[in-house]
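Asker: sequence unknown, structure follows:
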């Protein structure tokens, strides 16, 4: 692995040398004018016979070099070392999880949401070389965790996921896809995929149109349906009963909308699975992800480095000491 500067943007500090040169030029001109004002050239020469213009200039050069060494020290030269987290072959995968109230329905055991969380956890374990991102959505969508190789952090977020995190009612799959695309942080969608987990209850035309645009950019969306086509009631924690329709007063029946999820997957060359058997679903989706070319990725947060800023710090110190020890006047024999 080659050397690199950790804080390359500090290179702009080196421009201060130009200011030093300007000030040095002003001082030199001031010295000349002062000498001329004294008058008699022979007298002036006698008065400054111990002064060495060469040494004066050389001391200034030493100070400039010391400053540049300080800038390089600040930029922190380093070299990756060790084997943990440096390079891994994989793709970037964003899990987009539906956290709407309908995900509390228990037509699958232990519930739609708990089954979805179990699926994500096992899916992450099955893809150790992939980087992970998380998007939560209900009536709105937002990025819970940007793309990262830190699976442990992702697992914590998954464990804590609940409808309380996104209190806005609804299921905006289109917004979830849009936020998922933003998570990748690039227009180029190669080596990237989305795994969207939802009951797909609300029909979202925006999602279907957006999925077509994602396909054009090379992004694969695999969808996972949670629930049953026959549906069931949604528990209401506030009353201890079932959630009621405010207009009719009747219990709301939440059904799995497979058609929309299937269309999204088909539009992006992905695959749709209804989640009944977690291991089977993981096997199907992994087979689909295997069609995506792998790339070598590195997460700088997990790399181990050897740092060499001390080399420039030592050079700066030596230059400053040399500048202080070097007299400005000529040697006696001069």
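Answerer: Thanks, I have it. As the structure is a prediction and not an experimental result, all values here were calculated from the model.
Asker: now residue 24, nearest residue through space, not along the chain?
Answerer: residue 60 (5.5 Å; CB to CB, 6 or more residues apart in numbering). C-beta here means a position set from N, CA and C on the backbone, and glycine is covered the same way.
Asker: which SS class is the one you found?
Answerer: For residue 60, the assignment made with DSSP: H, G, I helix; E, B strand; the rest coil gives helix.
Asker: What separation do you get for it and residue 215?
Answerer: 63 Å (CB to CB, to the nearest Å).
Asker: Residue 13 now?
Answerer: 46 Å.
Asker: Equivalent analysis for residue 262, please.
Answerer: On the measure of CB to CB, residue 262 and residue 215 end up 14 Å apart.
Asker: now the helices for the stretch 1-150 of the chain?
Answerer: 16-38, 41-47, 53-75, 112-125 (DSSP state H, counting those that start in this stretch).
Asker: Those helices: which one's closest to residue 276?
Answerer: helix 112-125 (9.0 Å; CB to CB).
Asker: For that closest one, enumerate the helices and strands it packs against.
Answerer: Applying 3 or more CB pairs under 8 Å, 6 or more residues apart in numbering; DSSP states H and E, we find helix 112-125 packed against strand 92-98, helix 151-160, strand 192-198, helix 278-289.
Asker: and the ones you listed as TSV, adding distance to residue 268 and mean pLDDT?
Answerer: Listed next are the helices and strands packed on helix 112-125 as TSV, based on distance: least, CB to CB, whole Å; pLDDT from 0 to 100:
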stretch	distance to residue 268	mean pLDDT
strand 92-98	13	94
helix 151-160	22	94
strand 192-198	8	93
helix 278-289	10	94
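Asker: Quick one, which of the ones you listed gets closest to residue 124.
Answerer: So among those, helix 151-160 is nearest, using CB to CB, at 5.3 Å.
Asker: Skip ahead from the closest one and say which helix or strand is next.
Answerer: As assigned by DSSP states H and E, the chain's next helix or strand after helix 151-160 is helix 173-184.
Asker: helices and strands around that next one, which ones?
Answerer: Against helix 173-184 (3+ CB pairs under 8 Å, 6+ apart) you get strand 92-98, strand 131-137, strand 141-148, strand 192-198, helix 205-216, helix 258-267.
Asker: can you list contacts of it?
Answerer: 92, 94, 96, 98, 133, 135, 137, 140-143, 146-147, 189, 192, 194, 196, 198, 200, 202, 204-207, 209-211, 214, 217, 219, 221, 260, 264 (CB atoms under 8 Å, 6 or more residues apart in numbering).
Asker: Quick one: mean pLDDT over that helix.
Answerer: The pLDDT scores in helix 173-184 average 88.
Asker: relative orientation of it and strand 141-148 in degrees?
Answerer: On the basis of axes from the mean of the first three to the mean of the last three CA atoms, to 10 degrees, helix 173-184 is oriented at 30 degrees to strand 141-148.
Asker: sorry, back to before: for residue 13 and residue 215, indicate the residue with more neighbours.
Answerer: Taking other CB atoms under 10 Å, residue 13 and residue 215 do not tie; residue 215 has more neighbours (18 against 15).
Asker: what residues are up against that one?
Answerer: 267, 268, 269.
Asker: 6 Å - rerun?
Answerer: Counting by CB atoms under 6 Å, 6 or more residues apart in numbering, residue 215 touches 267, 268.
Asker: Make 443 the starting number, not 1.
Answerer: Sounds good: first residue 443 from here, last item residue 657.
Asker: Test for you: state the pLDDT assigned to residue 525.
Answerer: With respect to pLDDT, residue 525 has a value of 47.
Asker: tell me the phi and psi of residue 665?
Answerer: Main-chain torsions, residue 665, degrees, to the nearest 10: phi -110, psi 140.
Asker: if we can go back for a sec, among the helices of the stretch 443-592 of the chain, which is the most enclosed?
Answerer: Each of these was scored by mean neighbour count; the highest is helix 554-567, a mean of 20, by mean count of other CB atoms under 10 Å.
Asker: Run the chain-centre distance for that helix.
Answerer: Computed by CA atoms, centre = their mean, to the nearest Å, the separation of helix 554-567 from the middle of its chain amounts to 24 Å.
Asker: now do stretch 699-710
Answerer: 29 Å.
Asker: which outside residues touch it?
Answerer: 642-643, 649-650, 653-654, 656-657, 662-663, 665, 667, 713-714.
Asker: Now do it, average pLDDT.
Answerer: 91.
Asker: swap in stretch 748-763?
Answerer: 92.
Asker: Which is the succeeding secondary structure element to the worst-scoring helix or strand of the chain on mean pLDDT?
Answerer: Lowest mean confidence among the helices and strands of the chain (mean pLDDT, DSSP states H and E): strand 737-739, at a mean of 56. Downstream of strand 737-739, the first helix or strand assigned by DSSP H and E is strand 746-749.
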